[in-house]
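Undergrad: Mind folding the following:
(one chain, ligands or ions: 1)
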Amino acid sequence: MESEFQRLPSVDRLLSEERIKQLQESYPRVLVVDLIRQCLERERLSIASGKPCPSLDEIVESVCAQAWALSHPSLRPVINATGVILHTNLGRAPLSQEAIVAMDATAKGYCNLEFDLDSGTRGSRHSHIEHILCQLTGAEAALVVNNNASAVLLALTALARKKEVIVSRGQAVEIGGGFRIPEVMRQSGAKLVEVGTTNCTYLADYEQAINPRTAALIRVHSSNFKLLGFTYSVTLEELVALGHRYHLPVFDDLGSGCLLDTTKFGLDPEPMVQQSIALGVELALFSGDKLLGGPQAGIIVGKKHIIDKLKRHPLVRAVRIDKIRLAGLSATLIHYLENEAVIKVPVWRMLSTPLEEIEKRARLYAQALASSARIIEGESMIGGGSLPGGTLPTRLLALGGQGKRKNKDLAQAIAQRLRCQEPPIVGRISDNLLLLDPRSVLPEEDETVLESLCSVIADLGHPY
Ligand SMILES: *Cc1c(COP(=O)(O)O)cnc(C)c1O
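TA: As a prediction, this is how the structure comes out:
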């Protein structure tokens, strides 16, 4: 053991290595020395755990690799061939061309973010987006913050801190990544009073929980799960009526923020923001980057006297949205106003792509496989905590086996190689097959998918 430690080169010895010298032409010497020290420390731990001392070359290689990784962004574009349109791990909604242009223009220079060009005095960042949000949703007022989780946190902190908020037990949901809505709510200092049972909550359950400490009733979209069988839940209409009777505001955490009728695309109905406002909720809260198809944002629309309270709360500063996303969101909302969302907003374009079109694109990908190409029927998912269980029929390119001869290792090997492409391509593995769904791929990425498939298959060099 002792001798293995002694075989580790010194910092000076490494600094005199040719490749490390070259490294110092691109990076400051202190950084290189730091990386060498970190590398030697890792190797000491590795030797202590019983591994042999690496060669000098290996250590040099490791230091160079660390320097390379530091100066190359780890966050990069990928092609989403999973068929999950709002894939939270892959960054949710891709943006429209107009949104990208607006964000680019705002990023480049200065803007009138909080400056009134008419009067030449201080303005409000909320002013740029409030009118259009009110127009689209029918609400009296609107406020945009960092994301929907912070919108919920802000609303409950400002309006229900040290008081009680009543929620159905069936709506106390975890929205993924171990992230639980009730825990966010509790951070506000409001006491969450869960009523009913997992599958059934009646109006009487809410009513019995109301007491002088009650600050609000809240409905939470079940997002990513569906209750089947013997279930009962209160309609928003009934909840609003109950709220009115007891002079309590009703908050609607819609999650996805849908402004279009999903049934027109063969999907289940997804609650729409306009409906909640029309039914009289005091606040409706939703994300900018789910079904709305814009950049990450949390949008709150509702009654003016309540939104005004939120705008004045100190937390609003801690959760505020930046100028770039504000520009992107604004451009996205204009698509809805101009009735062009289905063609311009990528999420809706994907949702509404006809099956024949998907099949044509799957056949294009299949050109990479010559004769044994397999296009199968399948389902695309909406994802992103909207339309729980909602799927659309699709066509998939299946790789990694033919007929009954499926080869799990082959499917994994192809998937791994596709992830190493530039840009990486991510598919999904199901029933020992690697499936590529054109629906969630941007049409302009199709050629890249085909080229990458060709190169991966040539590389594998045997039947797939
Ligand atoms: C997704 C979701 C949230 C969180 O929204 P973010 O914009 O991701 O912060 C909150 N509530 C519900 C019901 C959701 O579906």
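
Undergrad: which is the next helix or strand following the least confident helix or strand in the chain by mean pLDDT?
TA: The helix or strand with the lowest mean pLDDT-type score in the chain, counting by mean pLDDT, DSSP states H and E, is strand 405-406 (a mean of 62). Scanning the chain past strand 405-406 towards its C-terminal end, the next helix or strand to appear is helix 408-419 (assignment: DSSP states H and E).

Undergrad: I'd like the average pLDDT over whichever helix or strand comes after that following helix.
TA: Where DSSP H and E defines the elements, the next helix or strand beyond helix 408-419 is strand 425-426. When pLDDT is averaged over strand 425-426, the result is 98.

Undergrad: From the contact counts, what lies against strand 425-426?
TA: When contacts are defined as 3 or more CB pairs under 8 Å, 6 or more residues apart in numbering; DSSP states H and E, strand 425-426 packs onto strand 79-80, helix 408-419. C-beta coordinates here come from the backbone N, C-alpha and C atoms, glycine included.

Undergrad: The last one - contacts with which helices or strands?
TA: Using 3+ CB pairs under 8 Å, 6+ apart as the contact test, the elements touching helix 408-419 are strand 391-399, strand 425-426, strand 428-430, strand 433-436, helix 446-460.

Undergrad: looking at these, which is closest to Ala151?
TA: Closest to Ala151 of the helices and strands packed on helix 408-419 is strand 391-399 (CB to CB; 28.0 Å).

Undergrad: Now do Ala155 against His313, distance only.
TA: Taken as CB to CB, to the nearest Å, the spacing of Ala155 relative to His313 amounts to 9 Å.

Undergrad: what does Cys53 give?
TA: The spacing between Cys53 and His313, counted by CB to CB, is 59 Å.

Undergrad: for Leu8, same thing?
TA: Computed with CB to CB, the distance linking Leu8 and His313 is 56 Å.

Undergrad: likewise Arg7?
TA: Remark: distance between Arg7 and His313 (CB to CB) = 61 Å.

Undergrad: Kindly present the helices and strands packed on helix 408-419 as CSV, with separate columns for mean neighbour count and distance to Asn339.
TA: Putting these into CSV (neighbours: other CB atoms under 10 Å; distance: least, CB to CB, whole Å) gives the following:
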stretch, mean neighbour count, distance to Asn339
strand 391-399, 23, 22
strand 425-426, 22, 33
strand 428-430, 16, 34
strand 433-436, 24, 33
helix 446-460, 16, 27
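
Undergrad: For my notes, please list those in JSON lines and give distance to Asp104 for each entry.
TA: As requested, those are exported to JSON lines (distance: least, CB to CB, whole Å):
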{"stretch": "strand 391-399", "distance to Asp104": "31"}
{"stretch": "strand 425-426", "distance to Asp104": "26"}
{"stretch": "strand 428-430", "distance to Asp104": "32"}
{"stretch": "strand 433-436", "distance to Asp104": "30"}
{"stretch": "helix 446-460", "distance to Asp104": "22"}
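
Undergrad: circling back: could you say which of the helices and strands packed on strand 425-426 is packed most deeply?
TA: strand 79-80 (a mean of 24; mean count of other CB atoms under 10 Å).

Undergrad: Name whatever forms a beta bridge with Arg320.
TA: For Arg320, the residues forming beta bridges with it (DSSP bridges) are Val145.

Undergrad: tell me which residues in stretch 215-225 are buried?
TA: For stretch 215-225, the neighbour count (16 or more other CB atoms under 10 Å) marks Ala215, Ala216, Leu217, Ile218, Arg219, Val220, His221, Ser222, Ser223, Asn224 as buried.

Undergrad: Touching, the fourth one and Leu254? I think so.
TA: If I follow you right, that is Ile218. No - the pair formed by Ile218 and Leu254 falls short of the contact definition of CB atoms under 8 Å, at 11.3 Å.

Undergrad: which non-adjacent residue is nearest whichever residue of the chain sits closest to the ligand?
TA: Across the chain, no residue is closer to the ligand than Gly255, which sits at 2.5 Å (CB to the nearest ligand atom). If you skip the residues right next to it in sequence, Gly255 has His221 as its closest partner in space, 3.9 Å away by CB to CB, 6 or more residues apart in numbering.

Undergrad: roughly how far apart are the one you found and Cys64?
TA: 49 Å.

Undergrad: what do you get for Leu436?
TA: Per CB to CB, Leu436 is found 35 Å from Cys64.

Undergrad: next one: Gly302
TA: Taken as CB to CB, the span from Gly302 to Cys64 is 56 Å.

Undergrad: cool, and Lys408?
TA: Lys408 sits 36 Å away from Cys64 when distances are taken as CB to CB.

Undergrad: where does the stretch 251-400 of the chain dip in pLDDT?
TA: Applying pLDDT under 70 to the stretch 251-400 of the chain flags residues 370-373, 386, 388.

Undergrad: Flag every residue of it that's near the ligand.
TA: Contact residues (CB under 6 Å from any ligand atom) of the stretch 251-400 of the chain with the ligand: Asp253, Gly255, Ser287, Gly298, Gly385.

Undergrad: of Ala155 and His313, who's got more company?
TA: Ala155 (33 against 16; other CB atoms under 10 Å).

Undergrad: what about the more buried one, is that helix, strand or coil?
TA: Here Ala155 takes the helix state, with states given by DSSP: H, G, I helix; E, B strand; the rest coil.

Undergrad: From what I see, it and Gly298 are in contact.
TA: No - applying CB under 8 Å, one finds Ala155 not in contact with Gly298, separated by 9.6 Å.

Undergrad: Show me the protein divided up by domain.
TA: The chain breaks down by automatic domain parsing into domains covering 11-71, 79-86+348-460, 95-344.

Undergrad: what's the straight distance from one end of the first one to the other?
TA: Using CA to CA, to the nearest Å, one end of domain 11-71 lies 22 Å from the other.

Undergrad: Kindly report the same for the last one.
TA: Here the two ends of domain 95-344 are set 9 Å apart, with distance taken as CA to CA.

Undergrad: What of the second one?
TA: For domain 79-86+348-460, the first and last residues are 21 Å from each other (CA to CA).

Undergrad: Name whatever forms a beta bridge with the residue nearest to Ala139 when sequence neighbours are not counted.
TA: Among residues not flanking Ala139 along the chain, Val301 sits closest, at 3.7 Å (CB to CB, 6+ apart). In this structure, Val301 has the following beta-bridge partners (DSSP bridges): Ala142, Ala284.

Undergrad: Compute the number of surrounding residues for Val301.
TA: Around Val301 sit 29 other residues, with neighbours defined as other CB under 10 Å.

Undergrad: I figured it hits Ala142, correct?
TA: Yes - shown here, Val301 and Ala142 form a contact pair, counting by CB under 8 Å, at 4.5 Å.

Undergrad: residues shared between the contacts of these two?
TA: Residues touching both Val301 and Ala142 (CB atoms under 8 Å, 6 or more residues apart in numbering) are Leu133, Cys134, Ile307.
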